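Novice: got a structure for you, letters missing:
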């Protein structure tokens, strides 16, 4: 028992070190082993920890590997981009835990270290598009049926939430974003503000585009894009420094 | 023109310095003036900046004051708990901007510095209850009609989102949380996991309770509580270290 270590699922935020919390840095510094998708591992300072890079799939295998090492005494940081609790590794580790044979990981400490998520980074660059009630939906239908995603999009639009869309598009999922935008256009006004934030926080790759629901197109997004679809109250304004800002006021006058 | 300064709305996170980003610290360090609710100002290190403490209301006045100082050349950090973009000061500053007389704040730079929000802190402590699609709703009906909040809660429940509830209760709003739980009980199963996180990150005041929708009661919450209501797939498990965890799996088998 005394030999068991821990697994902490650590959010390193959307990109830059200036958006990684001191807690995340401290946990990484205290780890003996780092597990994660290679590009995420590249973002953290390491001082002699063993690195176990994997690709961005096979989350359950990666989780079980981390837990096995911890059962043998390792202190394992599972490195997650963004917030590990938002469409990232924390749920996968807990799912692996639940599915493991009884006793396999006895005594292993498990913790989650939160981080900034993409929706916050994109919202900050745009202004305050999530300034009132909002929802976050992943458009990936790898692990849930597309019919459920459409159901949620439709109800979210009817509820007048601002909507953050994660995982909008990839080579393997080329049509889902177009379908989602089409569905939203049937409920929301054409002039509804839409923000597309790509690689926000990653230096020169960063791109933030403000457009409307009528004009938004899947071609404007890639795998590192997060979209925010405004609510009925969301506004576009020009700030005194000349930049355009999008915000959703704290107030709401009626049912929609 | 050359005299204009800036206003940055800075998220200092839910409480501890270990959850405040280096960017937030740097912006505070570079400011000449700090504006905000007194307890939030107390959380930031200051080195000679002027402090303009206010109470937790009158956000528009506070925003206009910050913009006026910046127009006179000040570098103003508006300090917000959590993430300024999530039920906090960023929308209020942009609303003040939009409502100001033309030219009043010409040349003032305006920016938002994201921070960890309460939903992330509570989720991390509990496990990964927001591991799949989720929404965030403020139960405060100070600025929006209660009928809209009920409408959003009902649709969010039907959409099978995990639901984070901000501002659940206060002396001035004693009955709203009870009404919200009642409404959710009409749609979601009695065994649905519910997490109540109070003052998470604030040391000895922190309290995290896991219960069910059937058992959850307004008496368990106060002004510094954030609730997370699980989706139909949300699970409660016992971790190998004996602690209880709540998580929402990444997968979903059907429409609900």
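Specialist: Structure's in. What do you need? Predicted model, so just to flag it, every value in this text is computed and none were measured.

Novice: please tell me how far the nearest residue to residue A:71 once chain neighbours are set aside sits from residue B:132.
Specialist: The shortest distance from residue A:71 to any residue other than its chain neighbours is 5.1 Å, reached at residue A:105 (CB to CB, 6 or more residues apart in numbering or on different chains). (Each C-beta comes from the backbone N, C-alpha and C, glycine too.) Residue A:105 is 23 Å from residue B:132, where distance means CB to CB, to the nearest Å.

Novice: of the two, who's got more company?
Specialist: residue B:132 (28 against 22; other CB atoms under 10 Å in any protein chain shown).

Novice: just checking, the more buried one touches residue A:92?
Specialist: No: counting by CB atoms under 8 Å, residue B:132 does not reach residue A:92; the two are 11.4 Å apart.

Novice: what do those two both touch?
Specialist: Listed contacts common to residue B:132 and residue A:92 are residue B:250; contacts here mean CB atoms under 8 Å, 6 or more residues apart in numbering or on different chains.

Novice: and stretch A:190-198, what's buried?
Specialist: By 16 or more other CB atoms under 10 Å in any protein chain shown, the buried positions in stretch A:190-198 come out as A:192-198.

Novice: in the stretch 1-150 of chain A, which spans are strands?
Specialist: A:6-11, A:33-37, A:50-54, A:75-80, A:109-113, A:127-128, A:134-138 (DSSP state E, counting those that start in this stretch).

Novice: flag the shaky bits of the stretch 151-256 of chain A, pLDDT-wise.
Specialist: A:254-256 (pLDDT under 70).

Novice: which single residue of the stretch 101-250 of chain A ends up nearest chain B?
Specialist: Residue nearest to chain B within the stretch 101-250 of chain A (CB to the nearest CB): residue A:131, separated by 2.9 Å.

Novice: which residue, other than its chain neighbours, is closest to that residue?
Specialist: residue B:91 (2.9 Å).

Novice: give me the number of residues near residue A:51?
Specialist: As a burial measure, residue A:51 scores 14 neighbours (other CB under 10 Å).

Novice: thought it was touching residue A:32?
Specialist: No: the criterion here is CB under 8 Å, and residue A:51 misses it with residue A:32 at 11.0 Å.

Novice: still on that earlier bit, so what pLDDT did the residue nearest to residue A:131 get?
Specialist: On the pLDDT scale, residue B:91 is placed at 97.

Novice: that one: how many residues sit nearby?
Specialist: 28.

Novice: how close does it get to residue B:236?
Specialist: Separation of residue B:91 from residue B:236 (CB to CB): 35 Å.

Novice: same thing with residue A:115?
Specialist: Noted for residue A:115: a distance of 24 Å to residue B:236, by CB to CB.

Novice: mind listing the residues bridging to residue A:166?
Specialist: Counting by DSSP bridges, residue A:166 forms beta bridges with residue A:138.

Novice: from what I can see it touches residue A:118, true?
Specialist: Yes: Residue A:166 lies in contact with residue A:118 (CB under 8 Å); the separation is 6.9 Å.

Novice: common neighbours of those two, please.
Specialist: Residues touching both residue A:166 and residue A:118 (CB under 8 Å, 6+ apart) are residue A:226.

Novice: which residue is the nearest non-sequential neighbour of residue A:251?
Specialist: residue B:143 (4.0 Å).

Novice: what sits against that neighbour?
Specialist: A:250-252.

Novice: go again using 10 Å as the cut-off
Specialist: Residues near residue B:143 by CB atoms under 10 Å, 6 or more residues apart in numbering or on different chains: A:132, A:249-253, B:59.

Novice: again with residue A:81
Specialist: Residue A:81 sits next to A:11-15, A:36-37, A:39-40, A:43, A:56, A:87-89, A:115, A:117-118, A:224 when contact means CB under 10 Å, 6+ apart.

Novice: what about it, distance to residue B:251?
Specialist: 20 Å.

Novice: again with residue A:203
Specialist: For residue A:203 relative to residue B:251 (CB to CB), the value is 34 Å.

Novice: now swap in residue A:59 and tell me
Specialist: In terms of CB to CB, residue A:59 sits 11 Å off from residue B:251.

Novice: please apply the same query to residue A:53.
Specialist: Relative to residue B:251, residue A:53 is positioned 25 Å away (CB to CB).

Novice: before we move on, what about residue A:240?
Specialist: Using CB to CB, residue A:240 is found at 47 Å from residue B:251.

Novice: check the secondary structure at the closest residue in space to residue A:165 that isn't next to it in sequence for me.
Specialist: Take residue A:165 and drop its neighbours on the chain: the residue closest to it by CB to CB, 6+ apart is residue A:227, 4.3 Å away. The three-state label given to residue A:227 by DSSP: H, G, I helix; E, B strand; the rest coil is strand.

Novice: on that earlier part again, where does the residue nearest to residue A:251 land on pLDDT?
Specialist: 92.

Novice: roughly how far does it sit from residue B:96?
Specialist: 14 Å.

Novice: in helices, which of the contacts of residue B:143 fall?
Specialist: Using DSSP state H, the members of these that fall within helices are residue B:59.

Novice: what subset of the contacts of residue B:143 is buried?
Specialist: Using 16+ other CB under 10 Å as the burial test, the contacts of residue B:143 include A:132, A:249-250, A:252, B:59 as buried.

Novice: run through the residues that contact the residue lying closest to residue A:130 once chain neighbours are set aside.
Specialist: Spatially, and ignoring its direct neighbours in sequence, residue A:130 is nearest to residue A:123 (4.7 Å; CB to CB, 6+ apart). By CB under 10 Å, 6+ apart, the contact set of residue A:123 is A:117, A:129-131, A:134, A:162, A:164, A:195, A:197, A:200, A:226, A:228, A:246-248, B:83-86, B:90, B:112, B:114.

Novice: next one: residue A:233
Specialist: Contacts of residue A:233 by CB under 10 Å, 6+ apart are A:131-132, A:160, A:162, A:247-253, A:256, B:144.

Novice: residue A:144 too?
Specialist: A:138, A:152, B:132-133, B:233, B:249-255 are the contacts of residue A:144 under CB under 10 Å, 6+ apart.

Novice: still on that earlier bit, among the strands of the stretch 1-150 of chain A, which is the most enclosed?
Specialist: Of all the strands of the stretch 1-150 of chain A, strand A:127-128 carries the top mean neighbour count, a mean of 32, counting by mean count of other CB atoms under 10 Å in any protein chain shown.

Novice: picking that back up, I figured the residue nearest to residue A:131 hits residue B:138, correct?
Specialist: No: look at residue B:91 against residue B:138 with CB atoms under 10 Å: they stay out of range, at 11.4 Å.

Novice: can you list residues touching both of those two?
Specialist: In terms of CB under 10 Å, 6+ apart, residue B:91 and residue B:138 are both contacted by the residues A:132, A:250.

Novice: and residue A:38, how many neighbours?
Specialist: As a burial measure, residue A:38 scores 13 neighbours (other CB under 10 Å).

Novice: so what's the nearest residue to it once chain neighbours are set aside bridging to?
Specialist: Once flanking residues are discounted, residue A:38 sits nearest to residue A:53: 4.0 Å by CB to CB, 6+ apart. Bridge pairing for residue A:53 (DSSP bridges) gives the partners residue A:36.

Novice: how far away is residue A:53 from chain B?
Specialist: For residue A:53, the distance to chain B equals 21 Å [CB to the nearest CB, to the nearest Å].

Novice: that residue is in contact with residue A:39, isn't it?
Specialist: Yes: assessed by CB under 10 Å, residue A:53 is found in contact with residue A:39 at 8.9 Å.
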